[in-house]
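Participant: Output the structure for:
(one chain, ligands or ions: 1)
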Amino acid sequence: MSLFTPPVAKKKVPTEKVDATYKRLRLQVFLGIFVGYAGYYLLRNNFSLAMPALIKAGFSKAELGFALSAVSLAYGISKFVMGIVSDQSNARLFLPLGLTMAALVNLAMGFIPALTGSVTIMFIVLFVLGWFQGMGWPPSGRVLVHWYSINERGGKTAIWNVAHNVGGGFMAPLATAGIAILASTQLFGISSYHGAFILPAIIGLVVAVFAYLTIRDTPESVGLPPIEEYRQDYPNEDHHLFEKEMTTKEILFKYVLNNKWIWVIAVANIFVYLVRYGVENWAPTYLTEVKHINLGASSWAYFWYEMAGIPGTLFAGWMSDKIFKGRRGPAGFFFMLVVTVFVFIYMNATNMGVINFSLIMIGFWIYGPVMLIGLQALDLVPKKAAGTAAGLTGLFGYFFGSFSANAMIGAAVDAFGWNFGFQLILGASVLATILFGITWNLRGQTVLHDAK
Ligand SMILES: O=P(O)(O)OC[C@H](O)CO
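Facilitator: Here you go, the predicted model:
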């Protein structure tokens with residue numbers, strides 16, 4: 001454990017050098033967590049690229065779907081558990097370690113055919129992968145709260161959040177290239193689909209080295225003053241800074257589990273994730289089954305849903321920083337209100353242009369709230385509890401929201417039809433809007449009584 005203990009600088013940076021050092025290191029650590037988290041996404045869903053070959057080998061869609069569910073199941077739990085561990089760990093080591101482990105699991109799946117030989121084994125291996133995946137978000141959050149103060153954190157977290165889409169976007173071509181290389185060279189004498197694991201894993205290892213070289217745990221770890229002091233921007237009225245590392249008990253019972261606002265946004269996250277994955281996962285089926293458009297056209301709609309999330313996320317961060325001066329609730333409320341309107345249009349539309357447009361609009365407006373919940377979790381607690389707070393919201397989002405999106409909506413549609421399935425999504429969207437509304441006056445760790 002001592003290997004991961006957050007470091008403390010032996011010497012302070014001289015006052016005249018503080019500004020230049022801060023400027024240089026803020027850019028450097030940001031690049032580290034951006035590229036690092038994109039690296040995590042290279043290795044999160046690449047199994048799906050191996051699935052067509054596994055189906056040909058005799059596995060059913062239901063079996064592979066079951067195996068795949070292990071990733072989000074483990075990811076949700078790990079984001080919370082590893083979030084707790086990461087709050088007392090050096091982010092410079094923690095993030096690259098999780099990425100390295102995720103890459104090693106992928107290399108094992110690439111080189112050991114037995115690991116993709118049965119559903120049970122795949123479930124176990126993917127569970128382990130999901131667990132290591134949970135080591136990416138918490139240290140990134142730790143870096144964001146220590147290097148960026150509250151009135152700029154929205155914009156910076158939003159830009160960082162784009163790493164999700166960059167990593168997810170590069171994953172498919174990389175995995176496909178890996179398959180093509182093995183198919184043409186017959187290297188290692190294994191089936192070509194193993195390339196979907198091997199090439200992204202190799203890039204993941206390179207990214208882990210880059211992340212280690214660039215990330216620095218906290219400003220204090222390199223002899224700089226705390227960010228609040230440097231930028232004169234404080235998260236609470238008495239300007240109290242939490243610079244002492246805390247025990248797990250303190251973090252959990254003093255700052256996270258007894259903070260009613262964390263519970264409000266954790267529950268909000270169930271509904272946000274139900275909308276995010278409910279719309280995304282079921283769009284291809286809905287469009288092909290009900291609207292009778294071909295799969296090629298529906299996969300383009302899916303692609304644009306993802307891409308629209310990039311400007312939407314940036315807009316949400318900017319809005320919460322600049323218009324609402326560090327308050328995330330009003331921005332989340334506004335974004336979810338618009339999502340609700342477009343879910344309503346989407347479920348009632350008959351014209352293909354309107355259907356595609358409303359789907360893209362849902363993509364644009366939903367990723368803002370996805371990012372804002374994580375950001376709000378970081379804001380609401382002392383810096384030393386950031387990973388745990390964000391982890392708890394992630395647990396609720398993945399364990400309940402993503403799970404319900406996959407299982408409950410499918411069952412509801414089977415039993416009562418598409419309209420009922422959409423009513424569930426619409427209801428979730430309204431509830432998320434209300435819950436964001438409840439947090440309207442929150443800014444950092446303070447409730448602003450005069451905020452309008
Ligand atoms: O855990 P992920 O990858 O869904 O990311 C969550 C968002 O960044 C939370 O703000």
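Participant: burial measure for residue 162, as a count.
Facilitator: Residues near residue 162, counting by other Cβ atoms under 10 Å, number 21. (C-beta placed from N, C-alpha, C; glycine too.)
Participant: Surely it and residue 310 touch.
Facilitator: Yes: applying Cβ atoms under 8 Å, one finds residue 162 in contact with residue 310, separated by 5.4 Å.
Participant: Please name the residues that touch residue 129.
Facilitator: 43, 44, 47, 71, 74, 102, 105, 106 (Cβ atoms under 8 Å, 6 or more residues apart in numbering).
Participant: near the ligand, which of those show up?
Facilitator: Contacts with the ligand are made by none of the contacts of residue 129, judged by Cβ under 6 Å from any ligand atom.
Participant: quick one: which of those is nearest to the ligand?
Facilitator: Nearest to the ligand, judged by Cβ to the nearest ligand atom, of the contacts of residue 129 is residue 44 at 7.8 Å.
Participant: Need the three-state assignment for that closest one.
Facilitator: The three-state label given to residue 44 by DSSP: H, G, I helix; E, B strand; the rest coil is coil.
Participant: Name the SS class of the residue of the chain found nearest the ligand, please.
Facilitator: Nearest residue of the chain to the ligand: residue 374, at 2.3 Å (Cβ to the nearest ligand atom). Put simply, residue 374 is helix when judged by three-state DSSP.
Participant: Check which helices and strands the lengthiest helix in the chain sits against.
Facilitator: Ranked by residue count and defined by DSSP state H, the top helix of the chain is helix 150-185. Packing contacts for helix 150-185, counted by 3 or more Cβ pairs under 8 Å, 6 or more residues apart in numbering; DSSP states H and E, involve helix 15-42, helix 47-56, helix 137-147, helix 195-214, helix 295-318, helix 352-380.
Participant: and the helix or strand following the fourth one, average pLDDT?
Facilitator: As assigned by DSSP states H and E, the chain's next helix or strand after helix 195-214 is helix 227-231. Averaging the model's pLDDT scores along helix 227-231 yields 90.
Participant: before we move on, what about stretch 125-140?
Facilitator: The average of the pLDDT scores along stretch 125-140 is 95.
Participant: so how far is that stretch off the chain centroid?
Facilitator: Stretch 125-140 has its C-alpha centroid displaced from the chain centroid by 11 Å (Cα atoms, centre = their mean, to the nearest Å).
Participant: can that stretch be found next to the ligand?
Facilitator: Yes: if you take Cβ under 6 Å from any ligand atom as the test, stretch 125-140 does meet the ligand, through residue 137.
Participant: can you tell me the distance between the two ends of that stretch?
Facilitator: End-to-end distance of stretch 125-140: 25 Å, with Cα to Cα, to the nearest Å as the criterion.
Participant: So which residues on the stretch 51-200 of the chain come close to the ligand?
Facilitator: Residues of the stretch 51-200 of the chain lying near the ligand (Cβ under 6 Å from any ligand atom): 137, 161, 164.
Participant: any low-confidence regions in this structure?
Facilitator: 1-3, 235-245, 284, 294-303, 445, 447-452 (pLDDT under 70).
Participant: Can you list the buried residues in stretch 420-434?
Facilitator: Buried positions in stretch 420-434, judged by neighbour count with 16 or more other Cβ atoms under 10 Å: 421, 422, 424, 425, 426, 428, 429, 430, 431, 432, 433.
Participant: closest to residue 128 among the residues you listed?
Facilitator: residue 428 (30.7 Å; Cβ to Cβ).
Participant: Verify the stated contact: the closest one with residue 271.
Facilitator: Yes: Residue 428 is within contact range of residue 271, at 4.0 Å (criterion: Cβ under 8 Å).
Participant: What lies in contact with stretch 343-350?
Facilitator: 275, 279, 354-355, 358-359, 362, 418-419, 422, 425-426, 429.
Participant: farthest pair in the residues you listed?
Facilitator: 275 and 354, at 18.9 Å, using Cβ to Cβ across the contacts of stretch 343-350.
Participant: of those two, who's got more company?
Facilitator: Set residue 275 next to residue 354 and count neighbours by other Cβ under 10 Å: residue 275 wins out with 28 against 13.
Participant: angle of whichever strand or helix holds that one against helix 352-380?
Facilitator: Counting by DSSP H and E, the element that carries residue 275 is helix 260-289. Angle, helix 260-289 to helix 352-380, by axes from the mean of the first three to the mean of the last three Cα atoms, to 10 degrees: 160 degrees.
Participant: ok, back up a step: so which bits of the longest helix of the chain are buried?
Facilitator: 150-172, 174-175, 178-179, 182.
Participant: Kindly report the same for stretch 38-56.
Facilitator: Per 16+ other Cβ under 10 Å, stretch 38-56 contains these buried residues: 38-47, 49-51, 53-54.
Participant: Can I get it as CSV, trimmed to CA atoms?
Facilitator: C-alpha atoms of stretch 38-56 as CSV (Å, rounded to 0.1, in the frame of the first residue of the first chain):
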residue,chain,number,x,y,z
ALA,A,38,-8.9,7.5,-23.6
GLY,A,39,-6.5,4.5,-23.2
TYR,A,40,-9.0,2.9,-20.8
TYR,A,41,-11.8,3.3,-23.3
LEU,A,42,-9.6,1.5,-26.0
LEU,A,43,-9.8,-1.6,-23.8
ARG,A,44,-13.4,-1.4,-22.4
ASN,A,45,-15.6,-2.5,-25.3
ASN,A,46,-13.2,-4.1,-27.8
PHE,A,47,-14.6,-7.5,-26.9
SER,A,48,-17.7,-6.6,-29.0
LEU,A,49,-15.4,-6.6,-32.1
ALA,A,50,-14.5,-10.2,-31.4
MET,A,51,-18.1,-11.2,-31.0
PRO,A,52,-19.0,-11.8,-34.7
ALA,A,53,-16.1,-14.4,-34.8
LEU,A,54,-17.2,-15.9,-31.5
ILE,A,55,-20.8,-16.2,-32.9
LYS,A,56,-19.4,-18.0,-35.9
